[in-house]
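J.: Okay, structure incoming, though there's no sequence with it:
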């Protein structure tokens, strides 16, 4: 993971220089002459900033239709049900999930040569190991998320939060919560295994044994947990209601609480954690593919747009040079100390079939136990 | 006995004798109309066929169609079919349920919960419906009923979060108890069977109230009065008159609530605890996580459906046996 | 005799206490919800440090929310009309008649009510494509209508089973044909059940998320919009939206009640 740090430092410098040139709206004028029409987007609330949307529509004459979604699985189901003639041009899929979409023939490869602003993306994300599949790029990274340990600073000490074991300690019995699926990967990591299971692609028996171990651990710790939750809003509500004082969370929902002044902090514990990246993807057979490229290129044009997405969602921007556009508290809630970031790995999709084939039944077993 | 009484109560009367100058009179006297009606009612068989045509077509195309599609999906090994993949017929999805005991627990838990919630709802809603139908003047009944219905416009999710605000550690209930000096430490109401029950009964009450109300509302007052004159106490009257005569409404209310309870997803997920996983969650899991499991999800849904159907059928049988017993 | 009156009154007081207790149970979460709409924070919950009207201002400025509200209303009304006609028709066919396949017909009638939301939504979606219904308002109305038919049928059947046969027979003896007898005797008798079932269908449709999500186009219904907003947290804005919906529907409800009351008086 030294690669991550190296890239961050190097590109933070160059970003400032290129930023001004790339933010120029010249391409927009070009695009408006060329088309008009519309572009259909499935995305999460606030992932397309309103001000950007109206600006884009005014500049290009392309009407932006946003369909709000709340979950990856539903996008997959919806898109699958619409085959072979989808109504959608752009979807929002997390990087480690799009293998499933690709194998289903639902996504078109992204021709980054058509995106003049591709270089505005921090290469930590755009050139990361998960982002290239079958020799092609499949999505433009927009926001990054992480699995973190979030805690109420009035109750839990910063030192304690540096280990996932705190989550399973008797001290916080009935005051913690986590998403089981995500926790399975983290428990594997805690036990010193590869939570992405890529290492065990050729050793399914070992993979099964590891999942079994993680499953038994979580079943053993079940009496300690207050709630297995699913969505960020649930986590926030449990924190506000003080039903829990610490828990595993995605950084986005946790950051939103911090920005609102709640005494919350988050850490990437020493055992490590996983990150994921939301990307804009173009659907296979997209009805307005040209407009989709115009849209993605436009949304990548300026760090201000990236900052607006971060402000609204709490997730980390994948754009270079976003920091100057964020307030102090927003910067704080979307950054981590270097030594913690060094423990972070990205989720990967190569072994997803093996992994989820084992993890999904394990999750059912934990819930049923 | 019951029939005569209600017949004398509020039967709309049909005009007769002299030529009828009302709209209906003119309509029935209008030649094309009478010709049409004669055609339609020529034989009981034809009359029945015309009555049955729309329901049969509707039910087959609209109710059965989507379900057959689901049944078909549950018997395949791949759905949605990716290009280049061949779809095969298989029973594996069903065998998977019977082959793995981890699915049984949520399955039976769901049926037990649904039955328990149905019972709780019945016990809670009956007095409310009774009060509405018997003790509120006819003029105000609709208003009182509406008072109860209005909150249900809020939507399941928002309502569920409101219950979190009520029952959480810093929720209204704990704050109130603390203010009253009854507790020092907050009581963890949330994420237990209790919080789930509070949320679900909230959702089901309406489904129980309406059929109970409409059954109780037509219960003749005179009967209760007659029984009271004969010296029957309130409990006797309730057991011997109100309850037997509203079995029909109880049956349809319970059927509704039971069916709906087995399908609840959002409320149990949001308000339940780690040990209250319901089967709808298991099924939804196949559609949410990691995909490619639609056929299994569909098969499990079919199993849940069959189980719920068998239970309701048995319940309906029981209720109609009870009714027959009463009317004898 | 006096004892009996006493007993009756005691009964009545007990029952009215139960009723009002139930009202409290139903309304407390709502009061909390409305309260939270005025909280000056991005999250709902206690303690409330300061109050604000900003969330309401935002909602009224947000054309999307207003549109979604009207859109959901329209869908609810249209789907209810269809469900009531079809559901009543089916109830009339099923109640009090013996014919081959009645049990099958009954089973098929209640089928849509039995299917868990997500499954029914996907089944509808696949079927809609097979039949050629485009996603959008028509598809949502269709799915809501199909889903609500069983509830109408069950409620109407319960009421119909108590219709004294003698009344219909009397009408027939007086020369009314089956259609006129139905419209003049049966339908008025069924009116309370139909009205109850309609309110019920309106609620189900207005509240539905899964079917609306899978069958909808690019215009969100209110629950779909709320779900999407929920991803960035349960903010007081959502409570403000729900409170406005609550007040508007309450007004419509009271107006409808007044209206039917006047209608009854005129008759």
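T.: Structure's in. What do you need? The structure presented is a predicted model; accordingly, all values stated were derived computationally and were not measured. Numbering: from 1, shown residues only, chains lettered A, B, ... in the order given.
J.: Pick out the residue in the stretch 201-350 of chain A sitting closest to chain B.
T.: Chain B sits closest to residue A:241 of the stretch 201-350 of chain A, with a gap of 2.9 Å, by Cβ to the nearest Cβ. C-beta coordinates here come from the backbone N, C-alpha and C atoms, glycine included.
J.: Return the distance of that residue relative to chain C.
T.: In this view, residue A:241 and chain C are 5 Å apart by Cβ to the nearest Cβ, to the nearest Å.
J.: got it, and residue A:292?
T.: For residue A:292 relative to chain C (Cβ to the nearest Cβ), the value is 15 Å.
J.: likewise residue A:322?
T.: 18 Å.
J.: Same question for residue B:308.
T.: Residue B:308 is 6 Å from chain C, where distance means Cβ to the nearest Cβ.
J.: Helix or strand: which one has that residue?
T.: Using DSSP states H and E, residue B:308 sits in helix B:294-327.
J.: residues in contact with residue 323?
T.: Because you didn't say which chain, this covers chain A. residue A:331 (Cβ atoms under 8 Å, 6 or more residues apart in numbering or on different chains).
J.: that's the wrong chain, I meant chain B
T.: Neighbour list for residue B:323: B:244, B:247-248 [criterion: Cβ under 8 Å, 6+ apart].
J.: Show me the residues you listed that map onto helices.
T.: By the criterion of DSSP state H, membership of the contacts of residue B:323 in helices covers B:244, B:247-248.
J.: among the residues you listed, which are in reach of chain C?
T.: Contacts with chain C are made by residue B:248 out of these, judged by Cβ under 8 Å from any Cβ of the partner chain.
J.: Neighbour-wise, which one of the ones in helices among the contacts of residue B:323 leads?
T.: Of all the ones in helices among the contacts of residue B:323, the highest neighbour tally under other Cβ atoms under 10 Å in any protein chain shown goes to residue B:248, namely 20 neighbours.
J.: re the thing from before, between the ones in helices among the contacts of residue B:323, which is nearest residue B:37?
T.: Among those, residue B:248 lies closest to residue B:37 (Cβ to Cβ), at 31.9 Å.
J.: Run a quick check on the closest one versus residue C:163, I expect a contact.
T.: No - judged on Cβ atoms under 8 Å, residue B:248 makes no contact with residue C:163 at a distance of 12.0 Å.
J.: Closest one to residue C:90 out of the contacts of residue B:323, please.
T.: Once Cβ to Cβ is applied, the member of the contacts of residue B:323 that ends up nearest residue C:90 is residue B:248, at 17.5 Å.
J.: residues in contact with that closest one?
T.: So residue B:248 contacts B:215, B:319, B:323, C:158, C:161-162 (Cβ under 8 Å, 6+ apart).
J.: Quick one: those residues as a markdown table, columns for distance to residue C:229 too.
T.: What follows is the contacts of residue B:248, written out as a markdown table (distance: Cβ to Cβ, whole Å):
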| residue | distance to residue C:229 |
| --- | --- |
| B:215 | 40 |
| B:319 | 43 |
| B:323 | 48 |
| C:158 | 39 |
| C:161 | 45 |
| C:162 | 46 |
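J.: Mind telling me the two of these farthest from one another?
T.: B:319 and C:162 (14.7 Å).
J.: confidence score at residue A:162?
T.: pLDDT recorded at residue A:162 is 90.
J.: ok now do it, which residues does it touch?
T.: A:267, A:269-270.
J.: top helix in chain C by residue count?
T.: Max-length helix for chain C by DSSP H is helix C:2-36.
J.: average model confidence for it?
T.: The model assigns helix C:2-36 a mean pLDDT of 80.
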